[in-house]
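# pasting the structure only:
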């Protein structure tokens, strides 16, 4: 549940999993090449999507992306930014959130929100697809320039088709969580569904595993809630993926 507080069925303090930190290395790589990069915590959605959302949280994640872009738009304009933090029960200003690394004034006029790429992992993969379609539904003057969408090992419960945006889906062959690689639907459902000329591609990475895309989810990367999901796969003796196989090529 969210926020992480003791509850009648779990009297001890619950632990918040910092999933958003699991992409720090590629984020720093992009930032070193001049990109402004934000990794968004979606724990409030993760905690409630199965129980409360018919679409398992896809639209909520998409709206979270757009709300974050709205926040960055205000920061770029030099406007005051404040949000309520349900975890602590306090309002948090942008200056407090940045924690001295950089200041709000450092962001003024520095963000190009006409050129945006969004990536989401697992349920976040369907979330960024939903975010792009929600962006398309906004009045033109309020839309962000989402130019590229990267669903990474995504689910696709809702079969959302995605027009007018470059899409690159990455599928891990040794995915023991989304084991039917349903994210391929995102490409197949869109490639002939629209009269546009954007590039759509899917890459199946041999040896790649679902949880290992996120370092916090990787065993040894965080003290709780990590697992090698391949052990739950229906064909766990696949020589490409079984870490105990003599010929394994798993990454």
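Ah, there it is. It should be emphasised that the depicted structure is a prediction, and the values quoted were computed from it without experimental measurement.
# from here on, contacts and neighbour counts on C-alpha atoms
OK.
# Show me where the protein has its strands.
82-85, 90-93, 116-121, 146-152, 166-172, 200-205 (DSSP state E).
# pLDDT score for the most centrally placed residue in the chain?
The residue lying closest to the centre of the chain (CA atoms, centre = their mean) is residue 120, at 2.7 Å. At residue 120, the pLDDT value in this model is 98.
# can you pull out the helices in the stretch 1-150 of the chain?
With DSSP state H, counting those that start in this stretch as the criterion, the stretch 1-150 of the chain has helices at 24-31, 43-52, 58-77, 94-98, 104-107, 123-136.
# May I see the buried residues of the third one?
This points to helix 58-77. Neighbour counts over helix 58-77 (16 or more other CA atoms under 10 Å) mark 58-66, 69-73, 75-76 as buried.
# So what touches that helix?
Residues outside helix 58-77 that contact it (CA atoms under 8 Å, 6 or more residues apart in numbering) are 40, 42, 45, 80-81, 104, 107-111, 113, 123-124, 126-132, 134-135, 144.
# and what of the shortest one?
Taking CA under 8 Å, 6+ apart as the criterion, the residues outside helix 104-107 that touch it are 75-76, 78, 94-95, 98.
# Including mean pLDDT, could the helices of the stretch 1-150 of the chain go into TSV?
Output for the helices of the stretch 1-150 of the chain, formatted as TSV (pLDDT from 0 to 100):
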stretch	mean pLDDT
helix 24-31	96
helix 43-52	90
helix 58-77	97
helix 94-98	90
helix 104-107	94
helix 123-136	98
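# export those helices to TSV and tack on distance to residue 163?
Formatted as TSV, these follow (distance: least, CA to CA, whole Å):
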stretch	distance to residue 163
helix 24-31	26
helix 43-52	26
helix 58-77	15
helix 94-98	34
helix 104-107	31
helix 123-136	8
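# In the chain, where is pLDDT below threshold?
By pLDDT under 70, the weakly predicted segments of the chain are 10, 234-235.
# Leaving out sequence neighbours, find the closest residue to the spatially most distant residue from the centre of it.
Computed with CA atoms, centre = their mean, the maximum C-alpha offset from the centroid of the chain is found at residue 246, amounting to 33.8 Å. In this structure, residue 246 finds its nearest non-sequential neighbour in residue 239, 7.7 Å apart by CA to CA, 6 or more residues apart in numbering.
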